[in-house]
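>>> structure of the sequence below:
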Amino acid sequence: MFEQKLRALADLGYWPVRIRAVPEGSLVEVKNVLATFENTVSGFGWVVGYLEGAGQLGASGQTRPGSRCHCEPGCI
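From the prediction side, this is the model:
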């Protein structure tokens, strides 16, 4: 089933998503939304969930210049 969804996405030819985000480097208070994803084509709502999940996997937690990532020794 997921393979069919990916084929439909490939056939569409673009990511049917509108992304709104705060500018890079902005200082943002805790518990504020940094980015939103909005579906733009009916039937592709799953893409938003997929992208939101992928973003959580890659989040480093850096909130200010000079803060360090603690995911592994030596990582900055």
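>>> how many neighbours does Val47 have?
Burial of Val47 is recorded as 20 neighbouring residues (other CB atoms under 10 Å). Bear in mind the C-beta positions are built from the backbone N, C-alpha and C, glycine included.
>>> same question, the one 3 residues further on
Tyr50 sits with 17 neighbouring residues when counted by other CB under 10 Å.
>>> report the buried residues of the helix or strand that contains it.
Using DSSP states H and E, Tyr50 sits within helix 45-58. Neighbour counts over helix 45-58 (16 or more other CB atoms under 10 Å) mark 47-48, 50 as buried.
>>> where's Ala35 relative to Ala10, distance?
24 Å (CB to CB, to the nearest Å).
>>> typed the wrong thing, it's Tyr50
For Tyr50, the distance to Ala10 - CB to CB - is 14 Å.
>>> now do Phe2
Taking CB to CB as the measure, Phe2 falls 13 Å from Ala10.
>>> same thing with Ile19?
For Ile19 relative to Ala10 (CB to CB), the value is 20 Å.
>>> neighbour count: those two, which is higher?
Legend: neighbour count by other CB under 10 Å for Ile19 and Ala10, higher for Ile19 (11 against 8).
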